[in-house]
Each structure stands twice: as C-alpha cells, then as structure tokens.
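Q: below are the sequence and a predicted model; questions follow.
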Amino acid sequence: MVYPYRGIVMETRIFSNKDIEEAARILKTGGLVAFPTETVYGLGGNGLDKEAARKIYAAKGRPSDNPLILHVSKMEEVIPLVESVPEKAKLLMDSFWPGPLTLILKKSAIVPLESTGGLDTVALRCPDNALTLELIEKAGLPIAGPSANLSGSPSPTEASHVYHDLAGRIEGILDDGAVGIGVESTILDMSTERPTLLRPGAITLEDLTEVLGEKPDIDPTLLGKSMEDGFVPKAPGMKYRHYAPKAEMILFRTLEHKGAESKVRESMAKYLEEERGDSFQKKIAILCAEETKPLYQEMAEKKNIRLKILGRREDPLSMTHNLFRILRECDEEGINLILSESYPEEGVGFALMNRMKKAAGQKIILIK
C-alpha cells in the first residue's frame, strides 16, 4: 500500500545550525524535517509516532512495506528500541558508529509497525553528522529517516535536491551543504543467527569481516538472484525500483579485464550506430571515469554526446560522491539515454555498482 499524498501544500523552510531548536520542535510535534548525514539527506519524523511514519510515506510516495531507518545520537538510545543488543552488534556499533552502518535488530514494543514496514525488526543507525546528532539530542527521540527524495528517484546529496523533490510536502530542510559519501549506508541484518548483508555501502564487506571475525552472508538479491513473489523487504531499497533517473540507463560490462576500457567504448559506439537507429536525435550522456575520459571525447564531440565524469577508478568513493548528483543533473538537462561504464565490485565498488544497476533497472550489456 502507498499512503497517497493529499496535496497539502505547506511552506518548506530552509534551516541552518541556528535553527536546530525549531527543527527539533517540528519533529516533536509530529512534523517532518529533512536532515543531512554523511551518506545522503534523510527525511525525518518521530520514529515512535505512527502518524509521523505515515506522513513520511505520503510525502515520498513510498510503499508502506518499505522499512524506515531510525537514527539515534548514541548507542545507549538503542536499548529501549530493541529486545536486546547482541554482543556482535555492540562490537559493530563501537567500531563504526557514528558512521554509515545500519544494523537490523528485533524491535521492542515501543517501535510502531508503521516505522518498520510491518516487521518485527527495526533498522538503526547513528549518523556521522554533527548537526543531525544535535538535532536528535534536542528532539529527544529517534528520527525515522529514509532518503529525502520522491520514491524511486536518485537520492539527494544536497539540500537543493531535497527542495526540488519535497518542497510543499514537508515543514523544513536542515542544510549542511553537500554530503561526503553520496550513497546510502551499509545495512547488516543482526536479527538472525548469522549476520547478513542486505545493502552494501561505504562500510565494506571486508570491513565487517575484519571486526566480526567472520564473513557475513550476502543476501541473494545482491548477487543478482530474482526475488520470489511475496518477498518481504527487511531493509530500504530491496524490493522497489530505486535511484533511477528519468532517462533510460544502460551499463556496459566486459567479461575480461584485458583491454576492457577500449572494448566498452567500441561497444557503446556500435550500440548507438547499429541498434538504436534514431538515438542520435535524442539527448545522450556517457558516464565514465576520469582515466577513461579521453576514449570518449572524439565520439562525444562528433555525436553531440555529453560526457559525465563520475570520479577516479582508483577512488570509488569519488564516484559514489558524484553518482546521484550526476543522475539528477541528467534529468535537469533533459537527457533521454545514459550509457555507462561498469566498475569492479570490490570494496566500495560493490556499493557503487549496486546503485548503478538499480538506476539502470538491471539493463546490462555484457561484452565478450
């Protein structure tokens, strides 16, 4: 079920650090305030208020079986929200909080089902942003916070992105400039016998393995397995189309590493000339790395294609930082078709490619 947005237009105010008290007051009285984190901007409401949760779903146009993440300012605030905190969960909190790691635990009775997508588990995170930590403390409650965008569109990495999507639907936006990481937090399910990675992020599988002393299981959906009918998502972004630009997006991927960059460029050119027919009448963008930009410049100039530089191959975080901003930029420029390189799914690259595959609706051209 999607709670329908009822078309109520309200003034959406931009708050700074001087307005923390007012932002906290809005949250305490059932309103919605978008807030910054190190990953993306979140859409905040009182995580213990079922009506606030309904408002979040309505403002985003988000399905109500898609769980929300509850944000806390310190580990002690987790205790009343859960049945218990396993020792391994405490170890992870000590190691990575504040930071881009969300943990799923069995919820306590005070957390409403409206905040958990109807599940008996709750997703919890302590974000690494001083303004938001102060906001949580002053509000005195856990802040439920999915990404502050319209459901399905690229996540917001700047306050202006939030305003574009949600102005008139929420009371305020706490502005702290551009975020650092640019993709959502890692989500690890700690409610079952074995830790299971549900969403990759800046805290990598290798990071988790080092702290836990064992490699977490990986949810089959992250490995390309199809979801069975009736699949119940335990974390945000598992079931529905996410991070998608308005344009059609296609990823090009080689099966061999030798000469991969040139093969991708050749495959893109062949695709445009042989398979798309009148595609050159459309606005086209190519997403590539700083290192491979020279491969595309001649084709881009000749065909009036826009080159979008994600970042550096040797620094996947530079790519995650820019990804959603570039996808939104493509929307603003009226791009109809996006062709993109693919990147190694190791470390942070696993999170990068997870978001890129979802943005492309799993449209991937494999190059032999």
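A: Structure received.
Q: what helix or strand does His321 sit in?
A: Element membership for His321, per DSSP states H and E: helix 316-332.
Q: so which elements touch that helix?
A: helix 159-166, strand 306-309, helix 348-359 (3 or more Cβ pairs under 8 Å, 6 or more residues apart in numbering; DSSP states H and E). Every C-beta, even on glycine, is put in place using the N, C-alpha and C of the backbone.
Q: pipe these into a markdown table and attach mean pLDDT and mean neighbour count per row.
A: Below are these laid out as a markdown table (pLDDT from 0 to 100; neighbours: other Cβ atoms under 10 Å):
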| stretch | mean pLDDT | mean neighbour count |
| --- | --- | --- |
| helix 159-166 | 96 | 21 |
| strand 306-309 | 97 | 17 |
| helix 348-359 | 96 | 23 |
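Q: out of those, flag the one nearest Thr320.
A: If you check each of those against Thr320 by Cβ to Cβ, helix 348-359 wins as the nearest, at 5.3 Å.
Q: who does the helix or strand that the closest one is followed by pair with, and is each partner parallel or antiparallel?
A: Sequence order places strand 364-367 as the next helix or strand after helix 348-359, per DSSP H and E. Strand 364-367 has the following strand partners under DSSP bridges: strand 248-254 (parallel).
Q: quick one: the helices in the stretch 151-300 of the chain?
A: 159-166, 205-212, 260-270, 293-303 (DSSP state H, counting those that start in this stretch).
Q: shaky segments in this structure?
A: 1-9, 224-242, 257-258, 275-280 (pLDDT under 70).
Q: where do the domain boundaries of it fall?
A: The chain breaks down into these domains under automatic domain parsing: 13-223, 248-367.
Q: burial count for Glu77?
A: Residues within reach of Glu77, counting by other Cβ atoms under 10 Å, total 18.
Q: what of Ile338?
A: 24.
Q: list the contacts of Gly118.
A: Residues in contact with Gly118 (Cβ atoms under 8 Å, 6 or more residues apart in numbering) are 64-65.
Q: still on that earlier bit, CSV for the helices of the stretch 151-300 of the chain, including distance to Glu11?
A: Shown next, in CSV, are those (distance: least, Cβ to Cβ, whole Å):
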stretch, distance to Glu11
helix 159-166, 12
helix 205-212, 42
helix 260-270, 46
helix 293-303, 43
